[in-house]
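**Student:** Fold the following for me, if possible:
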Amino acid sequence: EPEGWDDVRLSLERGEIVPVPDFKFPTQCDALQTPATWPINFAILKARVACGYAVTAAEVRAAQRWAFAQLHLVVEPGGAAALAAVLAGKVPIDGRTAVVLSGGNTDPADFAKVLASSD
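**Tutor:** Predicted structure coming up:
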């Protein structure tokens, strides 16, 4: 999840649904801007997922650049969040790890800025 919008991570840590503390926190991952997870989602995650991870905006941009350079894919910020966690070393991976990259819904000018940056 994007930093500041990591309500699932917080909920899993605390064992109860925790809403996003600041709805004005900026993020390019608009597809992942949920104010709180739903009870049915949380019940499934709580039973099957050990923890969640938060990624920074810079880590998301790095993942977008990597996907474009290595895979020739245009991936929207929210769709690059899981890859960002892997590339940042936040998620342990093994030979069976799969990362889903999704969405090309990104503004061309914004994506060009991401590609031109090196943060």
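
**Student:** Helix or strand next in line after the helix or strand containing Arg9, which one?
**Tutor:** Assigned by DSSP states H and E, Arg9 belongs to helix 7-14. Under the assignment DSSP H and E, the closest C-terminal helix or strand after helix 7-14 is helix 39-48.

**Student:** Only the buried residues of that following helix, if you could.
**Tutor:** By neighbour count with 16 or more other C-beta atoms under 10 Å, helix 39-48 contains the buried residues Phe42, Leu45. Bear in mind the C-beta positions are built from the backbone N, C-alpha and C, glycine included.

**Student:** Buried residues in the top helix by length along the chain, which are they?
**Tutor:** Using DSSP state H, we find that the single longest helix of the chain is helix 57-71. By neighbour count with 16+ other C-beta under 10 Å, helix 57-71 contains the buried residues Ala57, Glu59, Val60, Arg61, Ala62, Ala63, Gln64, Arg65, Trp66, Ala67, Phe68.

**Student:** which one of those is nearest Glu13?
**Tutor:** Closest approach to Glu13 among the buried residues of helix 57-71 (C-beta to C-beta): Glu59, at 19.6 Å.

**Student:** Surely that closest one and Val86 touch.
**Tutor:** No - with contact defined as C-beta atoms under 8 Å, Glu59 does not reach Val86; the gap is 9.9 Å.

**Student:** Show residues contacting the longest helix of the chain.
**Tutor:** The set of residues external to helix 57-71 that reach it, using C-beta atoms under 8 Å, 6 or more residues apart in numbering, is 2-3, 26-29, 55, 73-75, 77, 80-81, 83-85, 87-88, 101, 106, 111, 114-115, 117, 119.

**Student:** All good on my end, thank you.
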